[in-house]
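Enquirer: take a look and give me a structure for this.
(one chain, ligands or ions: 1)
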Amino acid sequence: MDKKVTVIGAGHVGATTAQRIAEKELADVVLVDVVDGIPQGKGLDMLESAPIEGFDTRVVGTQDYDETRNSDVIVVTAGIARKPGMSRDDLLNTNAGIVHSVVKESVLRSPDAIIIVVTNPLDVMCSVAKKASGFPRENVIGMAGVLDSARFRAFLAMELDTSVQNISALVLGGHGDSMVPLARYTTVAGIPITELLPQKTIDALVQRTRDGGAEIVGLLKAGSAFYAPSAAAAEMTEAILKDQKKILPCSVHLMGEYGVEGVFVGVPVKLGAGGVLEILEIKITEDEKRLLHASADAVRSTLNKLDLDG
Ligand code: APR
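Expert: Okay, the predicted model is just below:
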């Protein structure tokens, strides 16, 4: 392959992301983890699936960042995951230290890469990655909105007994309890869901979307979601590597857009080669704006608990 993706963290999300990228033949994959043997074992196991699945991607697992040299995309999944009863913010200090160190190591070898952050608490970890890399905001993107929108779409498809492929959804805001699913911009074959479902049902599905991560944590008991998060990370990776100019909800560093300054929150962006090509400022109601600002404030208050200069 002429493209290269590094996935840092070979746990549930990282290994599944690597597998999806390999199976789609998007790029050669370097899987990095701090635990000796895990990325090597999973990487080799994936390679041994290639003859059956029919892909020619090279996959290598390593502890050595030199193998990540000249990556086009770096997907950061390293960190600890939630256990039942934990919020994403409970992971703050441990994961900030991990994200800071792995990003520093990576960008030394891949100074032009696009970083996709997956580690939680997502929006704050994006700020950590931006600071550690010194990259412009176009190069640091958080995976949240694609996942949250996919959850909303899945629940709507179940409710309406229709194909998920007919459903297009938009979720704004931080990746947490304050996220803002936009029912008005959510459609089924072009028809707004507000015309298809009573408000009470929409409200219930919006709430289930907000709690989507916790619902999986509650079921799994040990660890958090990884099939849908890895699918979302792989979709973003594909949009960048193929310069698709795809519009996806992603966490980006806002500098005044939507009246938000200096924090990462989820908004619709155009993704292509070079990362964030454009931030789309769609029309939202005063009510939606209030919710988006509350969400940005929640991200900011978590961010303020961290000493980014330390
Ligand atoms: N460098 C590289 N890898 C690391 C480091 C580090 N400094 N610290 C931890 N890791 C690795 C762990 O060894 C583990 O293999 O990160 C991996 C995390 O995997 P899991 O525990 O399976 O967690 P996962 O479910 O993949 O979630 C990872 O993504 O969705 C988020 O909230 C989730 O923050 C969590 C992250």
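
Enquirer: going by C-alpha atoms from here, please, whenever you check contacts or count neighbours.
Expert: Fine.

Enquirer: who touches Ser163 in this structure?
Expert: Applying Cα atoms under 8 Å, 6 or more residues apart in numbering to Ser163 gives the contacts Ala157.

Enquirer: over to Thr119?
Expert: Val76, Thr77, Ala78, Gly79, Asn95, Val99, Met125.

Enquirer: so which of the residues you listed also contact the ligand?
Expert: The subset of the contacts of Thr119 within reach of the ligand, by Cα under 6 Å from any ligand atom, is Thr77, Ala78, Gly79.

Enquirer: just give the nearest non-adjacent residue to the last one, would you?
Expert: Read it as Gly79. Asn95 (5.1 Å; Cα to Cα, 6 or more residues apart in numbering).

Enquirer: and the strand or helix carrying the one you found, how far out from the chain middle?
Expert: Per DSSP states H and E, Asn95 falls inside helix 92-109. Distance of helix 92-109 from its chain centroid, counting by Cα atoms, centre = their mean, to the nearest Å, is 16 Å.

Enquirer: if we can go back for a sec, separation between the residue nearest to Gly79 and Val117?
Expert: Distance, Asn95 to Val117, using Cα to Cα, to the nearest Å: 12 Å.

Enquirer: name the residue in those two with the higher neighbour count.
Expert: Val117 (30 against 23; other Cα atoms under 10 Å).

Enquirer: residues touching that one, list them.
Expert: Counted by Cα under 8 Å, 6+ apart, Val117 has contacts Val75, Val76, Thr77, Met125, Cys126, Ala129, Val140, Ile141, Gly142, Met143.

Enquirer: SS state for the first one?
Expert: Here Val75 is strand, with the state taken from DSSP: H, G, I helix; E, B strand; the rest coil.

Enquirer: next, count neighbours for the closest residue to Arg151 other than its chain neighbours.
Expert: The shortest distance from Arg151 to any non-neighbouring residue, by Cα to Cα, 6+ apart, is to Thr209 (5.9 Å). Other residues lying near Thr209 total 26 when counted by other Cα under 10 Å.

Enquirer: avg pLDDT for the helix or strand containing Thr209?
Expert: Assessed by DSSP H and E, Thr209 sits inside helix 199-210. Helix 199-210 carries an average pLDDT of 95.

Enquirer: in that helix, which residues are buried?
Expert: Buried positions in helix 199-210, judged by neighbour count with 16 or more other Cα atoms under 10 Å: Ile202, Leu205, Val206, Gln207, Arg208, Thr209, Arg210.

Enquirer: next: stretch 273-288.
Expert: Buried-residue list, stretch 273-288, by 16+ other Cα under 10 Å: Ala273, Gly274, Gly275, Val276, Leu277, Ile279, Glu288.

Enquirer: my guess is the second one contacts Lys242. True?
Expert: No - with contact taken as Cα atoms under 8 Å, Gly274 and Lys242 are classed as non-touching, separated by 10.7 Å.

Enquirer: for Pro136, grab the count of nearby residues.
Expert: Pro136 has 11 neighbours, counted by other Cα under 10 Å.

Enquirer: what does this protein put close to the ligand?
Expert: For the chain, the contact set with the ligand under Cα under 6 Å from any ligand atom comprises 8-14, 33-35, 77-82, 98, 102, 118-120, 223-224, 226.

Enquirer: hmm, try it at 5 Å
Expert: Residues of the chain found near the ligand, taking Cα under 5 Å from any ligand atom as the criterion, are 9-13, 33-34, 77-81, 98, 119-120.

Enquirer: so which of those sits lowest on pLDDT?
Expert: For those, the pLDDT minimum is Ala81, 77.

Enquirer: wait, is that residue part of a strand?
Expert: No - counting by three-state DSSP, Ala81 falls outside a strand, being coil.
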